[in-house]
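Chemist: After the sequence you'll find the predicted model.
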Amino acid sequence: MVTGLPSAFPPLRTTVLTNASRLAALPPTTLERLTNADAKYLVGWSHGKESLREGVVDDKKGSYYINCSFYNNDQPSQQGEDPLLAADRAKFPGFDEYTAASVWPAEGELPGFQNSSEQLIRLIIDTAVLVARACDRYAEQEIEGYETGYLERVVRGSRTSKARLLHYFPSEEGNGAGGDGQTKTKKNKEGLQVQADTVDDTWCTTHLDHGCLTGLTSAMFVDESASSSSSASSPSPSQLTELPTSPDPTSGLYILSRTGEINKVAIPRDSLAFQTGETLQLITQGRFKAVPHFVKGVEPANVADAKARIARNTLAVFTQPNLDEVVDLKTGLTFGEFARGVVRKNTTG
């Protein structure tokens, strides 16, 4: 956890996470325009294109992916194509998931969306640079031959870091368990619905991030029933008020410890959490372990207001090496080679 963030963080978090609900409510034709199939749906809008597990497509959340090369681009993105991405496209043809330019809604569709998103992402990467510096101090002492300042250099200079704005759709009654709809539930001693016999990871199956450090905001829970109408327009800011807490105390982010214990993570609203990924595990020869994690959805049976439609919004920023950066000194594996395998496994087409 990182506290003491700049004063700009809380309002930026509120704006960007509220925008996740408004984005998901845009007309289907607009969302289709924001979709990039050539990038394996890892740039722009994505819904129902990623696999939770074999044979189960993830339709419980929508994602909006942003390539973060603008962090190292002195030329504002509004002035044209990012030259860093253009250079990578020429060097790595057919790798659009990391080299395609971000696809933004028109300003009239979501006013201020691009500007606020980029501001918040810059703040998160700035913070990730400091976290990386602390990781380097440890690695330099513990790992023979570790390059001085390696992780900080990777995070600061990356053209492949990617942000993912997530909107978990309100669960329907009887299908809050998600996945294939066949998960059995039971009540725990507090009378709350929980999944029986297995880990309840149906909103986002247990997985590892494949980058270095993932910056995470706390989740925003909103009741979208207040904004439901016959209009196809996106909800207004006044209609989407953040709930003080999750209406289902069992919902949220869970991680597995090194001994396999399940721990629920509570990120304060004024803080950022950073999670370690597979690439950092490779770079540090296992000193830093990639953290298995999953997200448990809101069970309608646990929500006091039967008419409530609870959505969960959050932002993750994945800091990653450039595509030609070697991440495994023993095999010479580059991040691009490693990432291709991950994408192939997790997408449906």
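Modeler: Now that the structure is in, tell me what you want to look at.
Chemist: By mean pLDDT, flag the weakest helix or strand of the chain.
Modeler: Counting by mean pLDDT, DSSP states H and E, the chain has its least confident helix or strand at strand 193-195, which shows a mean of 43.
Chemist: Adjacent strands (with direction) for the following helix or strand past that one?
Modeler: Counting by DSSP states H and E, the next helix or strand C-terminal to strand 193-195 is strand 204-207. Taking DSSP bridges as the criterion, strand 204-207 sits next to strand 293-296 (antiparallel) in its sheet.
Chemist: Could you point out the helix or strand that follows the partner strand?
Modeler: Counting by DSSP H and E, what follows strand 293-296 is strand 310-319.
Chemist: Please state the mean pLDDT value computed over whichever strand or helix holds Val342.
Modeler: Using DSSP H and E, the element containing Val342 is helix 335-346. For helix 335-346, mean pLDDT is 77.
Chemist: try stretch 253-270
Modeler: Rounded mean pLDDT across stretch 253-270 is 91.
Chemist: same question, stretch 273-286
Modeler: Rounded mean pLDDT across stretch 273-286 is 94.
Chemist: longest helix in this protein, by residue count?
Modeler: If you go by DSSP state H, the chain has its longest helix at helix 113-142.
Chemist: by contact count, what packs against that helix?
Modeler: The contact analysis (3 or more Cβ pairs under 8 Å, 6 or more residues apart in numbering; DSSP states H and E) places helix 113-142 against helix 9-24, strand 61-67, helix 150-157, strand 162-168, strand 213-216, strand 273-276, strand 310-319. Heads up, the C-betas are built off the backbone N, CA and C, glycines and all.
Chemist: what's around Ala8, how many residues?
Modeler: Neighbour count for Ala8, taken as other Cβ atoms under 10 Å: 11.
Chemist: Quick one: residues contacting it.
Modeler: By Cβ atoms under 8 Å, 6 or more residues apart in numbering, the contact list for Ala8 reads Gln119, Leu123.
Chemist: ok, now with 10 Å
Modeler: Gln119, Leu120, Leu123 (Cβ atoms under 10 Å, 6 or more residues apart in numbering).
Chemist: Also Gln119?
Modeler: Contacts of Gln119 (Cβ under 10 Å, 6+ apart): Ala8, Phe9, Pro11, Leu12, Thr15, Val16, Gly112.
Chemist: Please apply the same query to Asp270.
Modeler: Counted by Cβ under 10 Å, 6+ apart, Asp270 has contacts Thr3, Gly4, Leu5, Ser7, Phe9, Pro10, Arg13, Ser218.
Chemist: For the residue nearest to the first one when sequence neighbours are not counted, give me phi and psi.
Modeler: By the measure of Cβ to Cβ, 6 or more residues apart in numbering, the closest residue to Thr3 outside its immediate chain neighbours is Ser271, 5.0 Å from it. Dihedral angles of Ser271 (phi, psi; degrees, to the nearest 10) stand at phi -130, psi 170.
Chemist: Ser271 is in contact with Met1, isn't it?
Modeler: Yes. If you go by Cβ atoms under 10 Å, Ser271 and Met1 touch, sitting 5.2 Å apart.
Chemist: list residues touching both of the two?
Modeler: Leu216.
Chemist: Looking at those two, which is more packed in?
Modeler: Per other Cβ under 10 Å, whichever of Ser271 and Met1 has more neighbours is Ser271, with 16 against 11.
Chemist: Just give the number of residues close to Asp126.
Modeler: Other residues close to Asp126 by other Cβ under 10 Å number 15.
Chemist: List the residues that contact it.
Modeler: Leu5, Pro6, Tyr71, Val155, Arg156, Gly215.
Chemist: Next one, pLDDT for the fifth one please.
Modeler: In this case it means Arg156. On the pLDDT scale, Arg156 is placed at 96.
Chemist: if I look at Arg33, how far off is Phe9?
Modeler: 31 Å (Cβ to Cβ, to the nearest Å).
Chemist: Ok, Phe288 next?
Modeler: To Phe9, Phe288 is 25 Å away according to Cβ to Cβ.
Chemist: Secondary structure class of Ser210, three-state.
Modeler: Slight slip there: residue 210 is His, not Ser. Here His210 is recorded as coil under DSSP: H, G, I helix; E, B strand; the rest coil.
Chemist: Can you name the residues that contact it?
Modeler: Neighbour list for His210: 277-282, 290, 318, 320, 335, 338-339, 341-343, 345-346 [criterion: Cβ under 10 Å, 6+ apart].
Chemist: Check it and give its pLDDT.
Modeler: Per-residue pLDDT puts His210 at 89.
Chemist: okay, Arg33 and Phe9: which has more neighbours?
Modeler: Neighbour count, other Cβ under 10 Å: between Arg33 and Phe9, Phe9 has more, with 20 against 16.
Chemist: from memory that one sits against Leu272, does it?
Modeler: Yes. Counting by Cβ under 10 Å, Phe9 touches Leu272, with 7.9 Å between them.
Chemist: Mutual contacts of those two, please.
Modeler: Taking Cβ under 10 Å, 6+ apart as the criterion, Phe9 and Leu272 both touch Leu123, Ile124, Thr127, Thr217.
Chemist: The last one - nearest residue in space that isn't next to it in sequence?
Modeler: Translated: Thr217. Thr217 sits nearest to Leu315 (Cβ to Cβ, 6+ apart), 4.8 Å away.
Chemist: That concludes my questions; thank you for your assistance.
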